[in-house]
Every structure is written in C-alpha cells, then in structure tokens.
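1. this one's structure only:
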C-alpha cells in the first residue's frame with residue numbers, strides 16, 4: 001500500500017512538472033494575439049500573394065517566437081546561447097543587412113537611372129518620409145535615438161531599417177523591422193490611392209521618351225563613382241552602400257558572373273530566410289506588445305504616406321520647369337521609395353489603367369533604384385548625427 005502511495009505521488013509530481021513545462025501552462029493572452037498575427041501574415045503571403053518571400057518567414061517566425069515556454073530553457077530568441085539567439089545576432093549586430101545589399105546590388109540594373117540622371121532627385125525627395133517621420137516621432141515623445149529608428153521606416157527598406165535600429169536602439173528591432181516589412185508588403189494597397197489623389201488624368205497620360213542606351217563602360221564606372229561620391233559624404237553608410245556598389249560591380253564587370261549569381265541568388269535567399277525568421281521570432285509577446293509598438297506602426301504608416309506623396313509631388317514640381325516634350329509622368333514618383341521593384345511595378349500598373357499602351361516600368365526603375373541609394377544615404381546621415 002505504501003509502495004502504491006509513493007508511486008502515485010511520484011506520478012503526480014512528474015505529471016505536474018511536465019505540465020508546467022508545456023506551452024499550455026505558460027500561455028498568456030499576448031502569446032495568443034501574436035500567434036494569430038503570425039497566422040495572418042502567412043495567410044496574406046499565401047492567399048493574397050503579398051510579398052511571400054518576406055511574409056512567410058516573418059509570419060512563421062512569429063509562431064516560433066510566441067510558443068510559450070518556461071524561462072531558462074535556452075530556447076527563446078532572447079536567451080543567451082539558444083539557437084535562435086545565435087541566428088538573431090545577424091539582426092542585432094547588423095550583419096544581415098549589408099549582405100542583403102550585396103545581393104540587391106548584384107541583381108539591380110542601374111541603366112534606367114544612368115540614362116536619365118535627373119530621376120535621382122525623385123529618389124532623394126522621397127526620403128522626406130524619413131525626416132518627416134523623425135520630427136513626428138520626437139513630437140509624440142520618442143527620444144532622438146528611438147526617433148531615428150522609427151523614421152527610417154519611411155525609406156521603405158527593411159534591411160536599412162534593421163541596420164539603423166541595430167546601431168541606435170536594438171530594443172526596437174522587432175517593432176521597427178516588422179513595421180517596415182509589413183508596409184513594404186502593403187505597398188500595392190497604400191500607394192495607388194495616393195497616386196490618384198495627387199495627379200490629374202492628363203498627368204497620368206504623359207508619355208515619356210524612350211531612355212537612351214547606356215554603355216557598358218558607364219555601367220562599370222557607376223558603382224565606383226557612386227561609392228566614392230556617397231561614402232565621402234556619409235562614411236557611416238559604408239556597410240550598406242559599399243556592399244550595394246560592390247554587388248553591382250560584380251554584376252557589370254563581366255568577369256565575375258559566378259560571384260554575381262551567387263550573391264543575387266543563393267546567398268540572398270539564405271540571408272532572407274534567416275532575416276525573416278529571426279525578425280518574426282523577435283516579436284515575443286512580452287517584449288513586442290507595448291504602446292511604443294503601436295506608436296511605431298502608426299508613425300511608420302505616416303512615414304510611408306509622406307515618402308510616397310513627396311515622390312509624386314516632386315515630379316509635379318519639376319514638370320513646371322520642363323519643356324512639354326520632356327515632362328515626367330508623376331505616376332513614377334511613388335517609385336522614389338526604396339522598395340525594389342514593387343514600387344516601380346505599381347507605377348506601371350496604375351499607368352496602364354489609364355493608357356494600356358503607356359508602359360512606365362523602365363522609367364520608374366530610375367527613381368526606384370535611386371531610392372535604394374537614397375535610403376542608405378539617409379540612414380548614414382542619421383547615424384552620423386545620432387550614432
């Protein structure tokens with residue numbers, strides 16, 4: 001009888017201990033909310049085709065990061081020595097973003113920008129989203145370093161947002177990264193209404209002249225000159241700009257095709273998987289769910305609106321000084337944000353709605369790739385003043 005009683009107590013203690021280690025015992029409302037958000041991201045990616053290469057890893061990462069567990073098991077993303085924590089170092093220390101920029105450089109053709117350099121100004125004007133959001137962030141109570149992290153969302157560039165936040169305030173990494181990538185995925189919903197609001201039907205029908213042919217020598221010289229011009233102005237942008245222009249030189253040199261293909265395919269895919277998964281996992285409910293996160297999402301949305309609107313309005317302004325046969329279709333102004341090539345495709349799609357023969361994609365790629373450079377330069381400026 002005593003033996004049976006001891007065994008019963010042992011079994012009860014074992015089951016209690018096991019239960020205490022399960023996710024059911026440690027689950028809180030915050031975990032359930034974030035698990036639902038993760039499922040929603042995956043649904044958006046698969047069913048609505050909203051940037052699946054980003055939202056599937058991020059959404060699944062949210063599921064990973066919000067399965068409840070007892071602290072001290074070395075499995076959470078914020079527990080030193082855990083596998084997720086080791087992978088998260090690439091985000092926290094800021095070495096995933098430069099590798100992504102290497103891949104972007106290797107897959108980007110800057111011909112549209114080189115053929116019409118004045119489109120660079122559109123990419124520059126779109127960066128008003130960053131500096132406008134910085135002022136708004138200060139007004140709602142963020143300190144200067146945190147305001148810089150929130151502001152960079154306006155560049156519509158996830159890697160740049162992650163890199164800048166890792167240097168200024170790593171505590172905001174999860175909120176800033178998820179906000180940046182979320183709004184990038186929602187560009188097809190955010191930008192078209194703004195483009196229609198700020199343009200007339202006559203402006204939407206403007207046909208631009210075909211771009212001139214850019215020589216191979218120009219393409220080879222550009223990444224070298226671009227590196228020297230931008231990094232002499234903002235040396236703090238070297239990690240991003242340096243890798244961007246290096247990747248582009250690999251592409252255009254004609255003698256490093258293997259390296260360029262590796263950078264734009266296998267390497268970029270691997271880093272995108274790790275980046276998305278760990279960014280998603282960093283949304284652990286006890287860290288992520290706060291009023292600051294809500295403010296970051298709200299300000300990030302305003303930053304996207306300011307950036308997209310500034311790009312369109314800047315084209316309308318420049319058209320006041322251009323000859324009739326040289327005017328720019330303002331529908332390409334939205335492409336001044338850094339989301340390549342999503343924003344350029346939006347310019348083209350909206351243009352085709354009003355004139356099925358007016359293809360704007362190649363023209364829109366000019367300000368679009370300029371936006372990549374512009375967002376990295378803007379990040380360098382923020383790091384110079386705040387870092």
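-> That came through, no problem. Here the structure is a predicted model, which is why all the values come from computation and not from measurement.

2. Would you mind listing the buried residues in stretch 377-387?
-> For stretch 377-387, burial by neighbour count (16 or more other CB atoms under 10 Å) applies to 377-383, 386. (C-beta placed from N, C-alpha, C; glycine too.)

3. hmm, which two among these are most spread apart?
-> For these, with distances taken as CB to CB, the pair at the greatest spread is 377 and 386 (14.9 Å).

4. on contacts alone, who are the packing partners of the longest helix seen in the chain?
-> Assignment by DSSP state H gives helix 291-319 as the longest helix of the chain. In terms of contacts (3 or more CB pairs under 8 Å, 6 or more residues apart in numbering; DSSP states H and E), helix 291-319 is packed against helix 120-125, helix 128-139, helix 144-151, helix 173-185, helix 187-197.

5. What mean pLDDT does the helix or strand just after it get?
-> Next helix or strand after helix 291-319 toward the C-terminus (DSSP states H and E): helix 342-354. For helix 342-354, mean pLDDT is 95.

6. Work out the gap between the very next helix or strand once past helix 342-354 and the centre of the chain.
-> Once helix 342-354 ends, the next helix or strand along the chain (criterion: DSSP H and E) is helix 361-386. Relative to its chain's centre, helix 361-386 lies at 12 Å (CA atoms, centre = their mean, to the nearest Å).

7. just to revisit the earlier point, buried residues in the longest helix of the chain, which are they?
-> Those would be 292-293, 295-297, 299-316, 318-319, for helix 291-319 by 16+ other CB under 10 Å.

8. Let me have the buried residues of stretch 377-387 in a markdown table, extended by distance to residue 251.
-> Below are these laid out as a markdown table (distance: CB to CB, whole Å):
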| residue | distance to residue 251 |
| --- | --- |
| 377 | 21 |
| 378 | 24 |
| 379 | 23 |
| 380 | 23 |
| 381 | 27 |
| 382 | 28 |
| 383 | 27 |
| 386 | 33 |
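
9. Tell me the one of these nearest residue 167?
-> Closest to residue 167, out of all of these and judged by CB to CB, is residue 383, at 5.8 Å.

10. of the buried residues of stretch 377-387, the lowest pLDDT goes to which?
-> Scoring those by pLDDT puts residue 386 last, at 87.

11. Contacts only, for the nearest residue to that one once chain neighbours are set aside.
-> In this structure, residue 386 finds its nearest non-sequential neighbour in residue 148, 4.8 Å apart by CB to CB, 6 or more residues apart in numbering. Going by CB atoms under 8 Å, 6 or more residues apart in numbering, residue 148 touches 134, 164, 168-169, 382-383, 386.

12. Could you dump the residues you listed into TSV with distance to residue 201 added?
-> Output for these, formatted as TSV (distance: CB to CB, whole Å):
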residue	distance to residue 201
134	35
164	39
168	43
169	45
382	38
383	43
386	43
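
13. just checking, residue 216 touches residue 255?
-> No. The pair residue 216 / residue 255 is not scored as a contact, 11.9 Å apart, by CB atoms under 8 Å.

14. any idea how far residue 310 is from residue 198?
-> From residue 198 across to residue 310, the span is 10 Å (CB to CB, to the nearest Å).
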